[in-house]
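Participant: Need a 3D model of the sequence below.
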Amino acid sequence: MNPAALLKLKHPQGWFPAGPQMETILTQLADGPFKLFVYLCLHARRDTGTLETSQNTLAKNLRKSRRSVGSYLKQLQAAGVCHVQMTQNPHLQGLIEICEDYWPYHREPGERVPEDESAYVAQVKQQFLARACVSSSFSLADQRLARQWFEQGVPLERIEQTLLLGCTRKYVAWRNGQTRTPIASLRYFESILEEVSSQSGSLSYWSYLRSRMERLEGLWVENHQDPQTTQNLSSGQPPVPRAPTPASAENQPLPEVS
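Facilitator: Take a look at the predicted model:
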């Protein structure tokens, strides 16, 4: 008798296939985002890979703070693991979809998360204006560019990665004394989007980049509260390496991360 035929699950309804995708994420995600990913896999619909839930519910079930859950969701989206459409109100339900590369079940065409142009543009606007180094009202030109990206089928995860890389470079350039000018247009990220689309970064790289960007952004906010304040670097912060000359830090290639 085939030994595999003797294997029976005690609780077949709670079973989830942990294939190579799970092993990859296990080694590349921090503990918190990985725990959230496992929770999403166990509770997502098998036919669509989606879960309707709120940040409050996730925080309660994972025994984490809402702030931590929000950070984990951002890391999963930035790493291209999940597509997140959550509301600003933590009590209201949003929609989370596990991306195709990390979902082991087959999904029929048309079962993906519905996403119209207006929702897509709204997400781009939210991600763009959330950064402290951006000074913009999201102009008509910005809206046109976001709609162009929608028509081209650019994933929102890739746009978030682009914003992470571009804003990190802006902060590094500022720390190196090269610029104090905020980003005024979404078009600033156009060439960076092409760069991100042509290269790949590991899950651990995007998690690291988000952490680095948030640390630098905190310094930017502190420094820009008073326009007369000179660049005051907080003690205890790790130094940022000088950008190579003559190239600007804002135009450096995507780092190679193993």
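Participant: Not counting sequence-adjacent ones, nearest residue to residue 85?
Facilitator: Among residues not flanking residue 85 along the chain, residue 95 sits closest, at 4.6 Å (C-beta to C-beta, 6 or more residues apart in numbering). C-beta coordinates here come from the backbone N, C-alpha and C atoms, glycine included.
Participant: Could you do residue 136 as well?
Facilitator: Nearest one to residue 136, counting by C-beta to C-beta, 6+ apart, is residue 184 at 5.4 Å.
Participant: Can you name the residues that contact that neighbour?
Facilitator: When contacts are counted by C-beta atoms under 8 Å, 6 or more residues apart in numbering, residue 184 touches 134-136.
Participant: which among the residues you listed end up buried?
Facilitator: 134, 136 (16 or more other C-beta atoms under 10 Å).
Participant: May I have stretch 34-45 as CSV, with CA atoms only?
Facilitator: Only the C-alpha atoms of stretch 34-45 are listed here, as CSV (Å, rounded to 0.1, in the frame of the first residue of the first chain):
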residue,chain,number,x,y,z
PHE,A,34,5.4,36.5,8.0
LYS,A,35,2.9,35.8,10.7
LEU,A,36,0.4,38.0,9.1
PHE,A,37,1.0,36.3,5.7
VAL,A,38,0.3,32.9,7.2
TYR,A,39,-2.9,34.2,8.8
LEU,A,40,-4.1,35.6,5.5
CYS,A,41,-3.3,32.3,3.7
LEU,A,42,-5.4,30.4,6.3
HIS,A,43,-8.4,32.7,6.1
ALA,A,44,-8.4,33.9,2.4
ARG,A,45,-11.0,32.5,0.0
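Participant: what residues are up against the residue nearest the centre of the chain?
Facilitator: Geometric centre of the chain, nearest residue: residue 78, 2.0 Å, by C-alpha atoms, centre = their mean. Neighbouring residues of residue 78 by C-beta under 8 Å, 6+ apart: 157, 160-161, 164, 206-207, 209-210.
Participant: Alright, I will stop here.
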